[in-house]
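Engineer: The sequence isn't on hand, but the structure is:
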């Protein structure tokens, strides 16, 4: 899922202070699961904004709404009336959700209340870690399901770098060495021989370069 | 006769298994504590979310007290530990907003601790009384400056 975290309340107040009537719009998908932009967070941030506005003598009305999914135009219809009545929309969706709103509500300022961080998983309660960099050319099958692009600080395709201490990364000792994990995993599943192959330089063309990427499925188009 | 002393409005979220029972015990033992608290019984402080505290302040509470079981003594094992972290998170958020974080406090009280509960409530009322009315009720900076 996409993992995000909220901006600070003073920053949010600065973002919306020019408006008098703001709709705080949550998303019921990824950002609900990562406790950043669901219905509960909408309620918390709306309360915080109302109080901060009052303390800073900013006349601000804050409305609350959460849709099932902000990154899908079908669900945005539910927010159309609320958005129409507001001067601006403060989205608690990920970057995709914010842009979907901006495209849908063309005459309405749309702002991001969250900093979208990464694609990751819930590691333990309250802890999310990045697992995928969306590089566009997945190599997980070569590395026992552990991504060197995302989890190795040096993005090494032929590791380890020899800088790790015990099983810790030398760049960030709070993280495990990805190559230690890859070695252990390949050993556990009996595929250590994969490490004997020298991998060629990764093709980065499918990753984020040359503008946004598009996938077209002709079989689903009419 | 109406007193000029500020009487803060404190919302106290009390766990059913400990603090609420200790408040009950305080009543049985005729222990006095300030009538400024509005006690709300919760099944466990772990049930309390950040939004509960925010709504309390937004709706005019001068202070919020969260009273859960002693650490290690939660009926649901770790509800009070969850509450502790949520209270700390909310205190930081109050700080961001510009509200004194001392207005929100968590304490750990067992069902037998009627006297400590009364003392805690008294201390909380005094703390909030010194801070004055919630800035949310008294308006923004301009109004406060005009009054001073």
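Structural biologist: Cool, the structure landed. Only a predicted model underlies this, so the values are computations on that prediction, with no experimental measurement involved.

Engineer: show me where chain A has strands.
Structural biologist: Secondary structure of chain A (DSSP state E): strands at A:2-6, A:21-27, A:61-67, A:88-91, A:110-112, A:114-124, A:127-132.

Engineer: Mind putting the ones you listed into a markdown table with distance to chain B, mean neighbour count and mean pLDDT?
Structural biologist: All C-beta spots, glycine's among them, are computed from the backbone N, C-alpha and C. Converted to a markdown table, the strands of chain A look like this (distance: least, C-beta to the nearest C-beta, whole Å; neighbours: other C-beta atoms under 10 Å in any protein chain shown; pLDDT from 0 to 100):
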| stretch | distance to chain B | mean neighbour count | mean pLDDT |
| --- | --- | --- | --- |
| strand A:2-6 | 10 | 21 | 97 |
| strand A:21-27 | 12 | 27 | 98 |
| strand A:61-67 | 10 | 19 | 97 |
| strand A:88-91 | 16 | 26 | 98 |
| strand A:110-112 | 18 | 20 | 98 |
| strand A:114-124 | 14 | 15 | 97 |
| strand A:127-132 | 13 | 15 | 96 |
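
Engineer: For residue A:205, give me its contacts.
Structural biologist: By C-beta atoms under 8 Å, 6 or more residues apart in numbering or on different chains, the contact list for residue A:205 reads residue A:136.

Engineer: other SSEs contacting the lengthiest helix in chain A?
Structural biologist: Counting by DSSP state H, the longest helix found in chain A is helix A:39-55. In terms of contacts (3 or more C-beta pairs under 8 Å, 6 or more residues apart in numbering or on different chains; DSSP states H and E), helix A:39-55 is packed against helix A:9-16, strand A:21-27, helix A:30-33, strand A:61-67, helix B:50-58, helix B:79-97, helix B:135-138.

Engineer: Phi and psi next, for the residue most central in space within chain B.
Structural biologist: Nearest residue to the geometric centre of chain B (C-alpha atoms, centre = their mean): residue B:65, 1.3 Å. Geometry field for residue B:65 lists phi and psi as phi -110, psi 130, criterion degrees, to the nearest 10.

Engineer: still on that earlier bit, next, report how far the longest helix of chain A is displaced from the centre of its chain.
Structural biologist: Relative to its chain's centre, helix A:39-55 lies at 22 Å (C-alpha atoms, centre = their mean, to the nearest Å).

Engineer: So what sits opposite residue A:5 in the bridge?
Structural biologist: Beta bridges link residue A:5 to residue A:115, judged by DSSP bridges.

Engineer: Now do the contacts for it.
Structural biologist: Counting by C-beta under 8 Å, 6+ apart, residue A:5 has contacts A:34, A:36, A:114-115, A:117.

Engineer: To what extent is residue A:198 buried, counted in neighbours?
Structural biologist: Per other C-beta atoms under 10 Å in any protein chain shown, the neighbour tally for residue A:198 reads 7.

Engineer: Over to residue A:50?
Structural biologist: The tally of other residues near residue A:50 (other C-beta under 10 Å) stands at 20.

Engineer: In this structure it contacts residue A:59, no?
Structural biologist: No. Contact between residue A:50 and residue A:59 fails when scored by C-beta atoms under 8 Å: they sit 11.0 Å apart.

Engineer: Now for the two: what residues contact both?
Structural biologist: Counting by C-beta under 8 Å, 6+ apart, nothing touches both residue A:50 and residue A:59.

Engineer: Run a quick neighbour tally on residue B:115.
Structural biologist: Using other C-beta under 10 Å, residue B:115 has 14 other residues around it.

Engineer: What of residue A:106?
Structural biologist: Residues near residue A:106, counting by other C-beta under 10 Å: 7.

Engineer: Repeat that for residue B:27.
Structural biologist: Residue B:27: 12 neighbours (other C-beta under 10 Å).

Engineer: my read is it is in a helix, agree?
Structural biologist: Yes. Assigned with DSSP: H, G, I helix; E, B strand; the rest coil, residue B:27 falls within a helix.
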